[in-house]
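Student: okay, sequence plus prediction incoming.
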Amino acid sequence: MTKQITTFEDFIRQILKIIFWVLLFLPLIGVPVYYLLDTVFHFGVDVFSLLTVHPEQMINLINIEPFHSLFIWTTFPGFTFAALFVTFFAMLWERKLLAKIQLRVGPQYAGRYEGFLQMVADLLKLLFKELVTPNAVDKPIFWSVPFASMAIAGALLSLVPLGPTTYLADPPVGVIMIFAIIGFFPIVTLLAGWASNSKYPFLGGLRALHQLVSYEIPLVLSLLGVVVLSGTLDIMKVVTAQSGVWYILLQPLGAIVFFIAALAELERIPFDLPEADTELVSGWITEYTGMGFGAVFLGVYIKLYALSGLFATFFLGGWLGPSFLPPELWFIIKTFIVMTAMLLPRGVMPRVRIDILIRAGWGRLLVLSFANLFITMFLVSLGVLHIGGL
Amino acid sequence: MADIVFLAMMAVTVGGAIVALESREIVYGAVGLAGSLFGVAAFFFLLDAPYVAVFQITVYVGAVAVLIIFTVMLVRHETWMKEVTYSLGRLVGILTAAAIAVSLTFAWAASSSQLPSVPVPSTVTFLQIGQLISTSLSPALEVLALVLSASVLAAITLAKVEREED
Amino acid sequence: MSEAVSAYFIWGVFVAPFAGAVLVPLLQKAPKMRDYVAVLFSFVSAVFALSLLVPTLQGQTVAPSGPTSVPWITALGISVGVLYDPFTIILSNVVAWVSFLIMVYSLEYMKGDSGLTRYWFFMNFFIGSMQLVVLSDNFLSMFVGWEGVGLCSFALIGFWFTDEKERWVGTVGSMALGEAQAYPPSHAGMKAFVMTRIGDVAFLIGIILLFIYSGTFSFTQLAQNAGWATRLAQSGLLVPTALLIFGGAVGKSAQFPLHEWLPDAMAGPASVSALIHAATMVKAGVVLVARVGPLFYFALASNTSLVQPFFVTVAWIGAFTAFLAATQALVGFELKKILAYSTVSQIGYMMMALGLTGLSTDFAQGLSAGLYHLMSHAIFKASLFMGAGALIHVSESKYVSDMGGLRAKMKMTFAAFLVAAASLSGIPPFSGFWSKDAVLATAWDSGQTGLFLVGAMTAGLTAFYSFRMLGIVFYGKQSMKLDELEKEGHPAREVPRLMWVPYMILAVGTVLIGVLSAPLGLENGLEWASNAYLVSLFPRLSGLTGTSAGFNAVSSLIALGFVGIGFAIAWTLYVAKRYSASKLVHEEGFIHPIYTFLENRWYINAVYYRVFVDAPIRASRWLLSSFEIRGLDRVNNAGAYLGINLSAAGNWIDAHVIDGVANGFSLAGQAFSRTIRKVQTGITQQYIFVFALGLALLILALLLGAGVRLY
Amino acid sequence: MNTLADFTFVSGLLFAVGIYGLIVKRNALRMLFAVEIMINAANLNFIAFDRFLWSNLPLPQAALGQTFVLFSIALAAAEAAVVLAIIVVAYRLHKNVDVSELKTLGG
């Protein structure tokens, strides 16, 4: 592996190389180790704040409190948790559930019982597959899409509170932040379609653009009723405002619109036109192979989890529930129920046509969400409902 | 002295702007522009204006960038490739931009002693912005709504006329 | 005592029709739905109004909980809000319920018309605007509603804008002073619009004057800080301002001299006429005077005689208009036109009552009389108009001479018509008798004998034309037209239930009000409402305890005498048919010229057309023919001849001398422009370049100018 | 701590870049980019000055800077929509998006 050192220049080069790698990996390994030790020995020096000079400004950005529990948080409610446990479980659940609905068996062999290790097998398969980069693609954009897909889904996830103390970020404008993050998805799909430089991905990307843009707006507007009722844009406060009545009872129209728009945002059946496999092979993800495909797919499922969680948060009272179970568990139960509801249409519904889809988005859902908003505002101004809880 | 976060954001913002203008592939330019605007949004965060920042992201990244990329795709690829930049023109541009930058630098250096270096405590919340918009600035809001609907109508009309001619 | 009612209910009264108006075009694709939604929203408005009326009827003042005013133009401190007091609430209820019944009636009456979306939109908008006029708490938002009413009247009068011949109002071919007396609907709409606009301009000038002197449009603020009245009085503008504002009422309520538009406003559908006459448009003027009168009267706490001329004007204009229109109604042959004249006449009564407020000792008495008459008039006139619509529907003609003998065939319509006409002519015990009596009693009590006599005489005329109309339409032989229709297989029969029920309800209402008026103490109740209205504006009047004039035996006997005479003549001529009326009219004698004079509307209309329509047209024609063609053109021609000769001479000089110079100049100019043109390239980049350089230089120059050292 | 001068520096840089782009580029879309960059430079200035100079004043002034930027962003979005529509139309008519070639509009 290493070349024989014969000259002084080689020696210097080798030293510099070692220094470079050490400098590169020291923060990556050293800082976490430092914090791990810090929990035991309490050094009293906050290295993280030494690295960035004014972290308190960033506190406004993401309300991360003491830094030493960063690790727990990122793993438990955050990305790793979602990716490893929820997503895997959701995929397996989806496949088994749909199989049962359609009187099939579903995954059967991997794992001892009902093929419960199927997803691990799939992951291994994807990991060991060759990463093919088609000739005509625009490489930088093409390969940034999987990461962007995962990152944006993760960003959305970071806004979902799991419990009263278990949350990643609690910005004062959380609801609008959701809108901002959702706005990234069309770009990613469009860029994926364009960068693949191939017929089907491009068509899929354009379809995705139409669909996502059309349904983003009802999605946003359907939440405004909730915002009016709770009188805040802070997601945590929206949850606590539901301690009396869940908003699904006060906002049934908004909940329905949000649910349908979320289905469309997720490109799930019956709104799976961008990746309609009978027409477009696999839509905008056709050209991805191996773990690239896996990453895009992971992003999609994290998004599913995040949007289900948001539905639970906004309409089902989030982590609120009787105290015999921890709030985090309540949240997960509700999210799981919503997720199942989102998976179900795939088993029973056909795909809609593009014009119906667009017309439903602009002509029906938009009107319904406006109606919801106006009814809410009317009721609030009449004094039937009250801002900031019931 | 500016800190690391600030410098990084500055790099993203200005770098994104330069990429937006100088990239060979115009899609990269669009992405660069989105990055630059995102950087500006980060500055808004830094300046305790989270509402404006999120609004900026929603509008620019969520809407304008999508529109631009969409437009890029509607126009044939070869058209962008015809793009030529004359070296003389570039020199002139750089000089002018430098002139602007230099004069602005002078202005800023001259007045820096009088400008506050520490921000005053901010108490503005988005609720207050909303109140301001819906009360004393409501005429402006109405005019803005008119302008927006007019521009949407204009855009639709332009597209529609074209379809009829096809 | 006060009853808390959500303020949103008050807003709802006028917001609901507006919302309905907005919804109607959206539901264009579902016509049935659209019709019912339109009616539903007027019903919602009426229910909102009723929710305010209930506590008022229990003798409580409504104290709304919630915002009664929201900022509108903050820069001028103007807000839009609602004013609520028993007076307003009663008015608003009359408007709301009568409108609602008319809307129900239109469901059947307008069935199958092609412009129904337009119709429902403007009807709802009309109701909303009227409620805005009634309920708004300041002049400016009232003016908005006012103009909304004007716009809707224009659109609805000219509803059948395609101008088919049978929709024309007036008899085609009849002339007066060489002016045609028949107009197509679109013309009638325009006429209404232009004529009321004259009044509106006066109104606007008036309220702006008021604003200049008081700094506010709000009624309550005007009432509380009365310093403006003194200032106005000092500059001698008090009465002129009041009269200017009254000008708006003159236009909208069709009072002399701006009354001519209303008879022609019949060109619209009958339901529209009912709405305009009974519930909305013409009542707007009454509402306005009821608002303005107290303001001007009580603003000058010490010296109320300063505004006396205003009230004298109002009262006499009202009385004169009542008489004028009643005489014209005597000879009308178009069913709706007779009713229109009668509306003008009855509004005249209301104006008279409102004018009498300031002339008598008890201000509230006239106010309550006016309100009473407005109420009863709204009810019986809406009934009459809807009945007229049914009759026109059945006989397919607007002329009373084409009807006749319909008594047996349209029993319901006849019953409603009879009751309403009796009420109109002031026959006891119908509501019209009591309300007219209240007006006349006020005149009698305040010692205005002249006004009283005019009013009483007009009452006689009213009885005459009411029963003349009734006699021609329902008694006697069936007309030729109806015979023809019968032959064609369309015999006259009762209209559908959806049509006759609304006006039957109103007819029953007029009976009920009439019969129960005395036992329920209705007049005292209205007096209380008027007092409450005045007190709500001027708290210092809280001791006001005037009671209604009640039944004044002398005045009502005199009036009844006149009514009896009119009734007797009409009965003899048209019901019993002892004499031939047409013979009486067409024979040479003293009646014929009077008949012609009345038929031609006292020639006022013709004179208006002469002066305001034809004269400008003639003037411009004359300008064209004599000034333009004979004058200017000759000058031009002469100039041209001169020019030709001169140029022939000049040609030589030109060719030899000037060209040299000119060419020299042009060459220089070309060279110059060639140089200068390069600046204006149309290339954005260059502009930006220059802009940026200029910006940089400007910054540097400013810095240098400020004494900043650059090194 | 970042001073006001830091933010104005960034804003000035962005503005200069925008000016450069407007002068050098002839592609309509690039010019749109440049304009957007300049607008954002201005917005950044608004927010920065508001934050440093005005945000402790009573309410109307304190929120004015942010409010103004909100309006500005909305207007910029409208402008972008119209410009992009024009670009698409111009491309369909002339098969070109180079402004120096689109001179027929100038008559």
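Tutor: Right, received. Where do you want to start? Remember, predicted model here, so these are calculated numbers, not experimental data.
Student: out of the helices and strands in the chain, which is least certain?
Tutor: In the absence of a named chain, chain A is used. helix A:55-61 (a mean of 51; mean pLDDT, DSSP states H and E).
Student: should've been chain B
Tutor: That would be, for chain B by mean pLDDT, DSSP H and E, helix B:77-81 at a mean of 64.
Student: what comes up buried for the next helix or strand after that one?
Tutor: Next helix or strand after helix B:77-81 toward the C-terminus (DSSP states H and E): helix B:87-111. Buried residues in helix B:87-111, counted by 16 or more other Cβ atoms under 10 Å in any protein chain shown: B:89, B:92-93, B:96-97, B:99-108, B:110. C-beta: built from backbone N, CA, C; applies to glycine.
Student: and chain B, which of its residues are near chain C?
Tutor: The interface of chain B toward chain C, taken as Cβ under 8 Å from any Cβ of the partner chain, is made up of B:89, B:92-93, B:96-97, B:99-100, B:102-104, B:106-107, B:110, B:135-136, B:138.
Student: what residue lies at the spatial centre of chain D?
Tutor: The centre of chain D sits closest to D:Ile39, judged by Cα atoms, centre = their mean, with a distance of 2.1 Å.
Student: show the contacting residues for it.
Tutor: With contacts defined as Cβ atoms under 8 Å, 6 or more residues apart in numbering or on different chains, D:Ile39 is in contact with D:72, D:76.
Student: so what's the model's average confidence on the one helix or strand it maps to?
Tutor: Taking DSSP H and E as the criterion, D:Ile39 maps to helix D:28-49. The average pLDDT within helix D:28-49 is 88.
Student: helix or strand next in line after it, which one?
Tutor: helix D:59-94.
Student: what helices or strands is that next one leaning on?
Tutor: Here helix D:59-94 touches helix B:50-56, helix B:65-74, helix B:126-134, helix B:138-165, helix D:28-49, going by 3 or more Cβ pairs under 8 Å, 6 or more residues apart in numbering or on different chains; DSSP states H and E.
Student: so where's the stretch 251-390 of chain A uncertain?
Tutor: For the stretch 251-390 of chain A, residues meeting the criterion pLDDT under 70 lie at A:276-277, A:387-390.
Student: for C:Ala254, which non-adjacent residue is spatially closest?
Tutor: Nearest residue to C:Ala254, sequence neighbours excluded (Cβ to Cβ, 6 or more residues apart in numbering or on different chains): C:Leu262, at 3.8 Å.
Student: what separation do you get for A:Lys334 and C:Lys32?
Tutor: 43 Å (Cβ to Cβ, to the nearest Å).
Student: out of those two, which sits in the busier spot?
Tutor: Ranked by neighbour count (other Cβ atoms under 10 Å in any protein chain shown), A:Lys334 and C:Lys32 place A:Lys334 first, with 23 against 8.
Student: that one contacts A:Ala312, doesn't it?
Tutor: Yes. The criterion here is Cβ atoms under 8 Å, and A:Lys334 meets it with A:Ala312 at 3.9 Å.
Student: so what sits against both of the two?
Tutor: By the contact definition Cβ under 8 Å, 6+ apart, A:Lys334 and A:Ala312 are jointly contacted by A:Gly318.
Student: one step back: mean neighbour count, the helices and strands packed on helix D:59-94: which tops it?
Tutor: Ranked by mean neighbour count, the helices and strands packed on helix D:59-94 are led by helix B:50-56 with a mean of 26 (mean count of other Cβ atoms under 10 Å in any protein chain shown).
Student: please save the CA atoms from it in PDB.
Tutor: The C-alpha trace of helix B:50-56 is given here as PDB (Å, rounded to 0.1, in the frame of the first residue of the first chain):
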ATOM      1  CA  PRO B  50     -36.700  34.200  11.700                       C
ATOM      2  CA  TYR B  51     -40.100  34.900  10.200                       C
ATOM      3  CA  VAL B  52     -38.600  36.900   7.300                       C
ATOM      4  CA  ALA B  53     -36.000  34.200   6.800                       C
ATOM      5  CA  VAL B  54     -38.500  31.400   6.600                       C
ATOM      6  CA  PHE B  55     -40.600  33.500   4.300                       C
ATOM      7  CA  GLN B  56     -37.500  34.100   2.100                       C
END
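Student: how far does it sit from the chain's center?
Tutor: Computed by Cα atoms, centre = their mean, to the nearest Å, the chain-centroid distance of helix B:50-56 equals 13 Å.
Student: got a list of contacts for that helix?
Tutor: A:60-61, A:171-173, A:176-177, A:179-180, B:37, B:40-42, B:44-45, B:126, B:129, D:43, D:47, D:66, D:69-70, D:73.
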